[in-house]
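Undergrad: Generate coordinates for the sequence data below:
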Amino acid sequence: MAENPKGNDGAKPLSAEDLQDLVASTDTGARDPAGIAGYIVAGVALAWSLFQLYIASPLPYSLSSLTGLPLVLNDTQIRSIHLAFGLLLAFLAYPAFSNSPRDRIPVVDWVLAIAAAFCALYIFIFYRDLASRPGASITQDLVAAGLGMILLLEATRRALGPPLMAVAIIFMAYVFFGSSTVVPDILRWGGASFSRAMDQMWLTTGGVFGVAIGVSASFVFLFVLFGSMLDKAGAGNFFIKLAFAFLGHLRGGPAKASVLSSLMTGMISGSSIANVVTTGTFTIPLMRRVGYPAEKAGAVEVASSVNGQIMPPVMGAAAFLMVEYVGIPYAQVVQHAIVPAVITYISLLYIVHLEAVKRNMPVLQRKQTGPFFMSLLRTLIVSLSFVLVLIGIYWLVKLIRFALPGLSTEIMIVLLLASYVAALWYASKVPDLELDDPNAPVVEIPNALEVAKTGFHYLLPLFVLVWMLLVEHRSPGLSAFYAVLLLIVIMLTQKPLKAWFRRMRNAEVRAAAREGWDDFIHGMILGARNMIGIACATAAAGIVVGTVTLTGVGQVMAQFVEFLSGGNIFLILVFTAIISLILGMGLPTTANYIVVSTLMAPVIVNLGAANGYLIPLIAAHLFVFYFGLMADVTPPVGLASFAASAISRADPIRTGIQAFFYEMRTALLPFVFVFNQELLLMNVTVVGAIFIFVKSVIAMLLFAAATQGFFMTKSRIWESAALLLVTAMLLRPGFFLDFVQPPYERLEAERLFEVVEQAPDDAYIRVLIRGPSFENPDEMMERRMAFNLGERVGDGAARFEQATSLPARIENGTVILDEPLDLNSLSGRTLSEMDFYADEPVQVTALEVPAERMPKEVFYLPALLILGLVMFLQRKRGGTLAGNPVLQAA
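TA: Have a look, this model is predicted:
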């Protein structure tokens, strides 16, 4: 067994206490006051969790019906109370500076906390008064709003650091001073008065109390609480051990287990830093032990943990924000996001496998369970049984609802609780899990079935959550509420029931019950403290949303990107990716998504359509979200890289650079699914979805091999280039087909109404528009715009006008356009520089429709031939299939 290598910089590793302090300072607040102050902080956090459970449950409606009291709060009132809790705890739990006291709360922080909570509650207290004077704020309103904005920025600085506060201040400065001559002409606007700005930002739902904080209050809190309580119940340790049981014995096993455990914890975690520390304290030392250099060990953990933010069902809360921003059901968000997310993890597994193969790393010991064939057979049987059980549950629920519709809910609750008791009885037959010491002389990999026995009951809350979301189609908030409710039952009963099943003494059973109660209370408090930063982040990001709405700076961003790109769609995406990367630096996941999606997602959609490409809104949102998250690993700000390097004793900048290199596949996928929306499972059949998944996985494995310079053996430069070419052919065959056959057929403009009328639902066309410049009528401008025609309604002229907001008529064979009906529509914004009242009319000069072409899949054949050539040549040089995890994993 290789010795544990020294770090590159010889830095002293952080202790467990130091690492937990690192997580606390970023997630839960580093201050832990003693005495009555500590009880107050804990009590406020507990009250916050109870309040969120109350509003998510059916209880307010039941109590209102019974008592006749108005106990149901509206969205604005809930947002006000939610932010009040967040701001109060931000000043109590987070010290002002690094040298501020952590064992007590200074008087000034008490004052700031109470003032901040009052300013947030101002919307709740004076709700009726504010509703009766919209846009006519009085001095009292403006004082509360102005003070609230200042205190929100300070709370954001404490909880999240300077980056988001700085972004919010820049946008607020733009609101007030956007008319200054210092501001470039392209960005200049008229500016707003203090009254107008505060009305937008604080006193209405157009800024701080907008959609983002609403999603935080309605959905995000419950999912963060669910993740915190699940970890407190012991599921985090269970997932880590299960990952090692499955993959730890393979070559590079600790790195593969790091990827899998980070996937499982990252699905429900809202913090990449907490994910790094939770799994990394065990996986990183083991990775170094089997031969991974310090930077690469840290980078694997960073890439694994950050990618948890793109994995449904939570996606760092972005999934629920997408529901609101894109306007599609939650199940569709999961459908569109799942394939790219899974592919990134599979390809990362392959990357760490290639690293292990290149370095000929040793393997860790595993408990003997018989021949490899029997082990593989058992794994297949267990997997198949799991699938069959899920199918059986689905049809059992259908049968119960059909046979006993009036009692179906009660019967299913009884069956669920019976399943929990049975799983707990099964778990009581084996010892509880204890996490091994990664620095022990010998680390033995356990058997997967033995590990699974201890934690089947942890899967029940996850099952309830996914079932309610995807099968029952309940709201995310209600689904999370029922999952948390089951989790509360588990936390309160699992330890005493295990003790009882093990026939322990009554005193031991009572002690176990007290431990379960303590775990429940601590989980509730921890969940609330984990939400402090997210509440502040969503509120502060609301300032950016309010600024964009008030000033129209989003249109300016579109003009800026179009100017840089010259209208080239690929360059539009490149510049948008770079801007999203810059905007996302230092921001937590939720705020990151709000900022980049508010500013940059409309840019992709509008500029794409204005230059002849229709890009679905969900594809644009996922594109900017992916690149915003890349900032979590990108130096010099990537906080996850700093956390991993603190464990691996490596240089944080080099760890971040290596992590960014591993994340290149994550950067490639957004460019693919913007042009090839099949990857987002849009308009595909079940069989088609399976095919797309398989060929995309193969393509990303080849991309990983090309970027690692190793496939069956060390690759030559031209072989890596050939693998990149094969990757492109598999992921984007239409690009190569465009060189052989044009994608569009050009038709005469006078056929516009005929083509539009006959086109099927949701068909799209591209229209070439030519007209005089508004500034110089003698100068002619041209635009190629794409439009989705929607449903077939009326004649061609009516359908065209409805789809484009452009009135059109044909005179002497010329299609003449009138000024757009809606100046804020895509046509209104894109054609704003054309003069519709000049002597020379604005007209359609041609239209383009998708051409009849051979299938793009024909390019899979040359791709396979090139791949076969590379494999043949590498095989001749002594290469083996060790680089292929499917054919030879270890």
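
Undergrad: burial of Thr804, as a residue count?
TA: 22 (other Cβ atoms under 10 Å). C-beta here means a position set from N, CA and C on the backbone, and glycine is covered the same way.

Undergrad: I meant Tyr458, not that one.
TA: 22.

Undergrad: Just give the closest residue to it, not the sequence neighbours.
TA: Ala235 (4.2 Å; Cβ to Cβ, 6 or more residues apart in numbering).

Undergrad: can you list the domains in the chain?
TA: 27-213, 219-535, 684-742+853-890, 744-848 (automatic domain parsing).

Undergrad: Pipe those into CSV and attach distance to Ile647 and mean pLDDT per row.
TA: Below are these laid out as CSV (distance: least, Cβ to Cβ, whole Å; pLDDT from 0 to 100):
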stretch, distance to Ile647, mean pLDDT
domain 27-213, 16, 90
domain 219-535, 5, 83
domain 684-742+853-890, 24, 85
domain 744-848, 49, 88
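
Undergrad: Quickly note the distance from the residue nearest to Tyr458 to Glu450.
TA: Ala235 sits 17 Å away from Glu450, going by Cβ to Cβ, to the nearest Å.

Undergrad: More neighbours: which of those two?
TA: Using other Cβ under 10 Å as the criterion, Ala235 and Glu450 rank with Ala235 on top: 24 against 15.

Undergrad: elements contacting the host helix or strand of Phe673?
TA: Assigned by DSSP states H and E, Phe673 falls within helix 664-675. If you count contacts as 3 or more Cβ pairs under 8 Å, 6 or more residues apart in numbering; DSSP states H and E, helix 664-675 packs onto helix 330-359, helix 569-584, helix 617-629, helix 686-708.

Undergrad: one more time with 10 Å
TA: Helix 664-675 is packed against helix 294-307, helix 330-359, helix 569-584, helix 589-610, helix 617-629, helix 686-708, helix 717-731, with contacts defined by 3 or more Cβ pairs under 10 Å, 6 or more residues apart in numbering; DSSP states H and E.

Undergrad: so how far is the fifth one off the chain centroid?
TA: Right, helix 617-629. 9 Å (Cα atoms, centre = their mean, to the nearest Å).

Undergrad: continuing past it, what's the next helix or strand?
TA: Criterion used, DSSP H and E; the element after helix 617-629 is helix 639-648.

Undergrad: So which bits of the following helix or strand past that following helix are buried?
TA: Downstream of helix 639-648, the next assigned helix or strand under DSSP H and E is helix 652-662. Within helix 652-662, the residues that count as buried by 16 or more other Cβ atoms under 10 Å are Pro652, Arg654, Thr655, Gly656, Ile657, Gln658, Ala659, Phe660, Tyr662.

Undergrad: now helix 652-662, how far from the chain's geometric center?
TA: With Cα atoms, centre = their mean, you get 21 Å for helix 652-662.

Undergrad: Could you export it as PDB, CA atoms only?
TA: Taking Å, rounded to 0.1, in the frame of the first residue of the first chain, the C-alpha atoms of helix 652-662 are listed here in PDB:
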ATOM      1  CA  PRO A 652      -6.200  26.000  -3.700                       C
ATOM      2  CA  ILE A 653      -5.500  27.800  -7.000                       C
ATOM      3  CA  ARG A 654      -4.000  24.700  -8.600                       C
ATOM      4  CA  THR A 655      -6.800  22.600  -7.200                       C
ATOM      5  CA  GLY A 656      -9.300  25.000  -8.700                       C
ATOM      6  CA  ILE A 657      -7.500  24.900 -12.100                       C
ATOM      7  CA  GLN A 658      -7.500  21.100 -12.100                       C
ATOM      8  CA  ALA A 659     -11.200  21.000 -11.100                       C
ATOM      9  CA  PHE A 660     -12.000  23.400 -13.900                       C
ATOM     10  CA  PHE A 661     -10.100  21.000 -16.300                       C
ATOM     11  CA  TYR A 662     -12.200  18.100 -15.000                       C
END
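
Undergrad: circling back to that earlier point, tell me the most buried of the helices and strands packed on helix 664-675?
TA: Ranked by mean neighbour count under mean count of other Cβ atoms under 10 Å, the helices and strands packed on helix 664-675 are led by helix 294-307, which reaches a mean of 31.

Undergrad: CA atoms only for the next helix or strand after that helix, dumped as PDB, please.
TA: Moving toward the C-terminus from helix 294-307, the next helix or strand (DSSP H and E) is helix 318-326. Output of helix 318-326 as PDB, limited to C-alpha atoms (Å, rounded to 0.1, in the frame of the first residue of the first chain):
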ATOM      1  CA  ALA A 318     -32.700  26.200  -9.100                       C
ATOM      2  CA  ALA A 319     -35.300  23.600 -10.100                       C
ATOM      3  CA  PHE A 320     -38.000  25.400  -8.200                       C
ATOM      4  CA  LEU A 321     -37.000  28.800  -9.500                       C
ATOM      5  CA  MET A 322     -37.100  27.400 -13.000                       C
ATOM      6  CA  VAL A 323     -40.700  26.400 -12.400                       C
ATOM      7  CA  GLU A 324     -41.500  30.000 -11.800                       C
ATOM      8  CA  TYR A 325     -39.200  31.700 -14.300                       C
ATOM      9  CA  VAL A 326     -39.800  29.300 -17.200                       C
END
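
Undergrad: what angle do the strand or helix carrying Ala528 and helix 318-326 make?
TA: Here Ala528 is covered by helix 506-551, with elements defined by DSSP H and E. Counting by axes from the mean of the first three to the mean of the last three Cα atoms, to 10 degrees, helix 506-551 lies at 30 degrees to helix 318-326.

Undergrad: and the angle for helix 506-551 with helix 569-584?
TA: Orientation check (the same axes, to 10 degrees): helix 506-551 against helix 569-584 gives 120 degrees.

Undergrad: Who is the closest residue to Leu747 other than its chain neighbours paired with across the strands?
TA: Once flanking residues are discounted, Leu747 sits nearest to Leu847: 5.3 Å by Cβ to Cβ, 6+ apart. Listed beta-bridge partners, Leu847: Leu747, Val767 (assigned using DSSP bridges).

Undergrad: Now do the contacts for Leu847.
TA: Applying Cβ atoms under 10 Å, 6 or more residues apart in numbering to Leu847 gives the contacts 744-752, 755-756, 765-768, 815.

Undergrad: do Pro855 as well
TA: Pro855 makes contact with Pro733, Leu737, according to Cβ under 10 Å, 6+ apart.

Undergrad: Arg784 too?
TA: If you count contacts by Cβ under 10 Å, 6+ apart, Arg784 has them with 567, 610-613, 744, 766-769, 845-846, 848.
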